[in-house]
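**Q** coords below, sequence missing:
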């Protein structure tokens, strides 16, 4: 599988359908081009995983200790509204109404490539979150911390 990066805005129609950009669909492994798994993401977005990447996430979830209450809570919170979504002939997926409501999506969505998945944001919420800098850290500071 290739990597997802970049951002594009798309309309959400009255049925909750949003287009997956062709550029992002081309990054998909052939066996993962028709089905995604959508779950609540972090910071108020949705996370859209191609099926092959979702399998890797499931493998990590299986390693969480069943005796750990926090691990059980995390799995429940992540999976309670998880859904398989199919790519239609026009390259769109239909997002579940519960998830649309949860993250406050309206008529437009920002699709953001996040390496192994696609984040789906309300554009205003993304601007607010992306502008937050509680610790005064720049991109350069964060790169030094996480990339060395």
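**A** Perfect, I can see it now. Everything numeric here is computed off the predicted structure, so don't read it as measured data.
**Q** list the contacts for the residue most central in space within the chain?
**A** Central residue of the chain (C-alpha atoms, centre = their mean): residue 47, 1.6 Å from the mean position. Residues in contact with residue 47, defined by C-beta atoms under 8 Å, 6 or more residues apart in numbering, are 38-41, 114, 117-120. C-beta here means a position set from N, CA and C on the backbone, and glycine is covered the same way.
**Q** quick one: pLDDT of it?
**A** According to the prediction, residue 47 has pLDDT 96.
**Q** distance from the chain centre to the helix or strand encompassing it, please.
**A** Here residue 47 sits within strand 46-50, counting by DSSP states H and E. Counting by C-alpha atoms, centre = their mean, to the nearest Å, strand 46-50 is centred 4 Å from the centre of its parent chain.
**Q** that one pairs with which strands?
**A** strand 35-40 (antiparallel), strand 118-121 (antiparallel) (DSSP bridges).
**Q** can you pull the buried residues of whichever helix or strand comes after that strand?
**A** Later in the chain than strand 46-50, the nearest helix or strand by DSSP H and E is helix 51-62. By 16 or more other C-beta atoms under 10 Å, the buried positions in helix 51-62 come out as 51-54, 57.
**Q** list the helices and strands helix 51-62 packs on?
**A** strand 35-40 (3 or more C-beta pairs under 8 Å, 6 or more residues apart in numbering; DSSP states H and E).
**Q** helices of this protein, start to end?
**A** 22-25, 51-62, 69-79, 97-103, 123-131, 139-147 (DSSP state H).
**Q** can you lay out those helices as JSON lines showing distance to residue 85?
**A** Output for those, formatted as JSON lines (distance: least, C-beta to C-beta, whole Å):
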{"stretch": "helix 22-25", "distance to residue 85": "13"}
{"stretch": "helix 51-62", "distance to residue 85": "10"}
{"stretch": "helix 69-79", "distance to residue 85": "15"}
{"stretch": "helix 97-103", "distance to residue 85": "10"}
{"stretch": "helix 123-131", "distance to residue 85": "21"}
{"stretch": "helix 139-147", "distance to residue 85": "30"}
